[in-house]
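Asks: here you go, sequence then predicted model.
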Amino acid sequence: MKTIALLFSAVLLATGVTPFAVLAQAEAVILTIDGAIEGGVPRDFTRSELEAIGSGQIVTATPWHDGSPVFEGVPMDRLLAHVGAQGTEADVLALNNYRTTIPLSDFSAYPVLLALKQDGEFMSVRNKGPLFIIYPFDDFEALRTDLYHARSAWQVRSITIK
Amino acid sequence: MLQFVWFRQFAVVIIVVLGIATVLHARVVEDTADAVRNSMRFDVSWIGAHGRIEAAQLEAYLARYAALGRQADADNTKLYYQILLGRLDSWSVGGYGEFLASNPESGRAYDELMRLLESVDAEMSNLDSTATASQLLDTLAPVGATIEKIGAEATDSAVNKAAAIRQTLTEKQATQHYLVVTALASAAIMLIVSAFQNRTLRRAHRQVGRAADKFAYLAHHDPLTGLANRTAFPDTNQPTDADASHTAVIVFDLDGFKLINDTWGHMFGDKLLIAAARRLEEIISTAPGNVVARLGGDEFAALLHLRDKAEAQTIADRALEALKRPFEIDGSSVTISATAGIAISTRQNQNARGLLEDADLAQSEAKARKKGSVSVYDQSLREMVERRLTLENDLRDAIGKGEITPHYQIQVDLVTGAVVGVEALARWHHAQLGPIPPDEFIPIAEASGQIVDIGKHMIACACKDALRLPPNVQVAVNLSVIQIMQGEIMETTADALMATRLPPDRLKLEVTESVMMADPKQPIAVLSELRYLGVSLALDDFGTGYSSLSYLTTFHWDEIKIDRAFVNDLDTDSIGLSVIEAVLVLAKKTGAKVVVEGVETHKQLELLQGTGCDIGQGYFFGKPVPIDMACAQIREINKALPGQPLPARRKDKRRQCPE
């Protein structure tokens, strides 16, 4: 699975279908979910498709921001339910090739958000967009550790369910 | 206990130490956690490394585009430009921001880097020619080196901070270590001390237990003989033999033990008791469940479980035989006998304690009857004892209530037929029980000492009543041994004579020969004093018991009264007559008159008249009657007499004792 995801990412970059490129167009694909999901076929999502799945909001400070921004986006549990994820882990790959593995149990234990907006604005790549996994750090002390900071990937491009 | 006080203080100290260690430990752990958190925050080298990679990636795509002119490389260049800017943005906040703020050189380098990167924003947005790319490569050439420089400094700073934190952590760990060791050592010392304490406590416990056992033993055993004691006795009524359908209790009392104790000393007495206990055990403890107990003093009891009631008597007899065998104690041989009472369980009385009471009763009865004998308890014995108790109680008030009165039996001159005297006999008419025979209440009165009061009362009554009789009629009153021994008799007699003004020679005091038995000196002294008072003295019931002819000579009696036993058999037995004749001969020699008692038939009278006896008394002449009737009897008899009243008696009362 991991290999497939890597290959897919490589193809994505090689073909020039990058989020930055698609941002210019109205409905570019910004997220691909593959692996152990319903149907077994990778699913692509545009921003509006993601917004249609559901919305949530987290107000929290992070180690990477000043103050406590308001994050809005798709709740991870809703997203995974939407694709019928059946595994135990999510391999998250970012545009900068940052890679992290998140246990799916995190999403049932905490209202984790796949954020699209910060303070009402869609996030640019420079601003760690277009997708940023945000944990409610302020609400749970247990989350304020490097473990969860590491899982909180920015510039998310694809998620592989394992 | 000093130990316990010490332990309490020690425990308090240990607990305080443990408490302090725990609090300090908690605080140190918290500090340690803070230090660990700091170490995480300051791990900035990792963040820096990402920046370097992204910068290198940007440069690589830019170079490829400049060289090859492919649109994809241009796009990726644009992407990584944004990514790198985003990265650098994040350097200004959080841990990295702190680092930059505290390192002015890196801060300046960062600011310059941002300015440089942002200055090419327009070119990057419209990256459409390889020439621009080449130009950008030149412009951005210092980016990699600057990021490296900032990163290196950040790493140095992080390493130094990490070292400091490690130092702190090591120190905290050492403190924690000490605290844990202190806590563990305190706990260990506490454990050791409490283990020691426990041992002491266990030992104390054992001692208390042993003491309790000892007290329990002492409570149920006689310390002298080791036998069960009275307390333990009723607990043991548990027959172990199923065939033993009867329970019996035998009570043994050593006869004359007090005398042995007084003569040989208590040590000797104790040894005798121990030896007697062993002999009883040999006889009694042959069957399971049988118990010998010492009730106290010289009294023992045996609890027996029997198949046959008759066994009790056999065992009692064997025990008495065993006790009769001489005891060898301290080189001396001593012989003692015992009296026993038996009580056998009945449907009404199954209880060992009840049986013990009954056996005790039987023993007392046996002792009263005959020392060295065995008596078996039965209901009549209980009734007898109860009656005796009632009488003993009621006797106290009997005189006051006027229940005890004298009856008089006349004494007749066998030659002239005239009444020459009356004998006063105490009669008790009990309000509920009716007339109580003298045989019954006199021994009770003697045992309880009330005989003294009764005697006093009788003398007083007799003296008073005598005044109603013809002047030639003497009144005889019985004296008890106790009255003689007790010493009040002189006063009593004198008082009665004074009060009534009865001439002393009209009063006759009768004593039985038992008065003379133990040590005749004292009674003879008392009798001599009485004689000096002027009263007559008669030896009563002569011929019974340990009659000794010496009694006839050791004191000068005015009168000898021959026991009725000799008279009773006169009709058939000539021996009795011979005895009377022999006594008569002796009496005449000492100048004493002879009175025969129990004359009931005319034939007896004739025989006695033939012997020359002076005076007769008995039913033939008249029963004991109240004074009024006695007066009437005397008037009757004297009226029928042919001659004149008898001449006055000789005045020869003031003879001295022969001694």
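Replies: Nice, thanks for sending it over.
Asks: in chain A, what spans have low per-residue confidence?
Replies: Scanning chain A for pLDDT under 70 picks out A:1-26.
Asks: can we see that at 90?
Replies: Low-confidence segments of chain A (pLDDT under 90): A:1-28, A:36, A:38-41, A:61-67, A:85, A:87, A:96-98, A:126-129, A:141-147, A:149-150.
Asks: next up, phi/psi of B:G598, please.
Replies: phi 80, psi 30 (degrees, to the nearest 10).
Asks: ok, it - contacts?
Replies: Going by C-beta atoms under 8 Å, 6 or more residues apart in numbering or on different chains, B:G598 touches B:563-565, B:567-568, B:617-618. Any C-beta I mention is one placed from the backbone N, CA and C, and that applies to glycine too.
Asks: repeat the analysis, applying 6 Å as the threshold.
Replies: When contacts are counted by C-beta atoms under 6 Å, 6 or more residues apart in numbering or on different chains, B:G598 is found next to B:564, B:567-568, B:618.
Asks: how close does the closest residue to it other than its chain neighbours get to B:I580?
Replies: Among residues not flanking B:G598 along the chain, B:R564 sits closest, at 2.8 Å (C-beta to C-beta, 6 or more residues apart in numbering or on different chains). Distance, B:R564 to B:I580, by C-beta to C-beta, to the nearest Å: 11 Å.
Asks: more neighbours: which of the two?
Replies: Using other C-beta atoms under 10 Å in any protein chain shown as the criterion, B:R564 and B:I580 rank with B:I580 on top: 22 against 18.
Asks: show the pLDDT at B:V13.
Replies: pLDDT recorded at B:V13 is 84.
Asks: doesn't it lie inside a helix?
Replies: Yes: counting by DSSP: H, G, I helix; E, B strand; the rest coil, B:V13 is found in a helix.
Asks: how is chain B divided into domains?
Replies: Taking automatic domain parsing as the reference, chain B has its domains at B:44-220, B:233-377, B:399-640.
Asks: returning to what we had before: are any of the contacts of B:G598 buried, and if so which?
Replies: For these, a neighbour count by 16 or more other C-beta atoms under 10 Å in any protein chain shown gives the buried set as B:564, B:567-568, B:618.
Asks: quick one: the helix or strand that contains B:E581 to chain centroid distance?
Replies: Using DSSP states H and E, B:E581 sits in helix B:574-590. Relative to its parent chain, helix B:574-590 has a centroid offset of 63 Å by C-alpha atoms, centre = their mean, to the nearest Å.
Asks: ok, stretch B:558-577 next?
Replies: Stretch B:558-577 sits 59 Å away from the centroid of its parent chain (C-alpha atoms, centre = their mean).
Asks: one step back: got TSV for the buried ones among the contacts of B:G598, with pLDDT and secondary structure too?
Replies: Shown next, in TSV, are the buried ones among the contacts of B:G598 (pLDDT from 0 to 100; DSSP: H, G, I helix; E, B strand; the rest coil):
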residue	pLDDT	secondary structure
B:R564	85	helix
B:V567	85	helix
B:N568	83	helix
B:G618	92	coil
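Asks: just these now: which is nearest chain A?
Replies: Closest approach between the buried ones among the contacts of B:G598 and chain A, by C-beta to the nearest C-beta: B:R564, at 125.3 Å.
Asks: buried stuff in stretch B:277-292?
Replies: Quick answer for stretch B:277-292 (16+ other C-beta under 10 Å): B:277, B:279-281, B:283-284, B:287, B:289-292.
Asks: out of those residues, list just those in strands.
Replies: Per DSSP state E, strands hold the following members of the buried residues of stretch B:277-292: B:291-292.
Asks: for the buried residues of stretch B:277-292, which one is nearest chain A?
Replies: B:G289 (79.5 Å).
Asks: does the closest one touch B:H305 like I think?
Replies: Yes: using C-beta atoms under 6 Å, B:G289 makes contact with B:H305 at a distance of 4.6 Å.
Asks: which element, helix or strand, includes B:R353?
Replies: Counting by DSSP H and E, the element that carries B:R353 is helix B:352-369.
Asks: in that helix, what counts as buried?
Replies: Using 16+ other C-beta under 10 Å as the test for burial, helix B:352-369 gives B:352, B:354-367.
Asks: please report how far B:D573 lies from A:P42.
Replies: With distances taken as C-beta to C-beta, B:D573 is found 154 Å from A:P42.
Asks: the two: which is more packed in?
Replies: Taking neighbours as other C-beta under 10 Å, B:D573 and A:P42 compare with A:P42 leading, 16 against 12.
Asks: I'd say the more buried one and A:D34 touch.
Replies: Yes: counting by C-beta under 6 Å, A:P42 does reach A:D34; the two are 3.7 Å apart.
Asks: residues making contact with the helix holding B:E581?
Replies: If you take C-beta under 6 Å, 6+ apart as the criterion, helix B:574-590 is touched by B:552, B:560, B:562, B:566, B:569-570, B:594, B:611.
Asks: what about the strands in the stretch 401-550 of chain B?
Replies: According to DSSP state E, counting those that start in this stretch, the stretch 401-550 of chain B carries its strands in the segments B:404-413, B:419-430, B:434-436, B:474-478, B:507-512, B:536-542.
Asks: want to throw the ones you listed into CSV with mean neighbour count?
Replies: Below are the strands of the stretch 401-550 of chain B laid out as CSV (neighbours: other C-beta atoms under 10 Å in any protein chain shown):
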stretch, mean neighbour count
strand B:404-413, 22
strand B:419-430, 22
strand B:434-436, 13
strand B:474-478, 25
strand B:507-512, 23
strand B:536-542, 24
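Asks: wait, which of those is closest to chain A?
Replies: With C-beta to the nearest C-beta as the criterion, chain A lies closest to strand B:419-430 of these, at 106.8 Å.
Asks: paired strands for the closest one, with orientation please.
Replies: Paired neighbours of strand B:419-430 in the sheet (DSSP bridges): strand B:404-413 (antiparallel), strand B:434-436 (antiparallel), strand B:474-478 (parallel).
Asks: to B:V208, which of those strands lies closest?
Replies: strand B:434-436 (59.5 Å; C-beta to C-beta).
Asks: all helices of chain A, in order?
Replies: Listed in chain order, the helices of chain A (DSSP state H) span A:2-14, A:19-24, A:47-53, A:76-83, A:105-109, A:146-151.
Asks: equivalent analysis for the stretch 451-600 of chain B, please.
Replies: Counting by DSSP state H, counting those that start in this stretch, residue ranges of the helices within the stretch 451-600 of chain B are B:451-466, B:481-486, B:489-500, B:521-533, B:550-554, B:564-568, B:574-590.
Asks: and the ones you listed, which one averages the lowest pLDDT?
Replies: When the helices of the stretch 451-600 of chain B are ranked by mean pLDDT, helix B:550-554 comes last with a mean of 77.
Asks: so what's the closest residue to B:T601 other than its chain neighbours up against?
Replies: Nearest residue to B:T601, sequence neighbours excluded (C-beta to C-beta, 6+ apart): B:F620, at 6.3 Å. Neighbouring residues of B:F620 by C-beta under 6 Å, 6+ apart: B:599-600, B:605.
Asks: with B:F300 instead?
Replies: Going by C-beta under 6 Å, 6+ apart, B:F300 touches B:252, B:280, B:294.
Asks: and for B:E299?
Replies: Taking C-beta under 6 Å, 6+ apart, we find B:E299 in contact with B:D253.
Asks: what's it sitting at in phi/psi?
Replies: Torsion angles, degrees, to the nearest 10, at B:E299: phi -110, psi 130.
Asks: now do it against chain A, distance only.
Replies: B:E299 sits 90 Å away from chain A, going by C-beta to the nearest C-beta, to the nearest Å.
Asks: so what pairs up with B:L306 in the strands?
Replies: B:H246.
Asks: okay, now it: neighbour count?
Replies: 22.
Asks: my guess is it meets B:S245, correct?
Replies: No: using C-beta under 6 Å, B:L306 is not in contact with B:S245, being 7.7 Å away.
Asks: if we can go back for a sec, of the helices of the stretch 451-600 of chain B, which is nearest A:S124?
Replies: Of all these, it is helix B:451-466 that lies closest to A:S124, at 138.4 Å by C-beta to C-beta.
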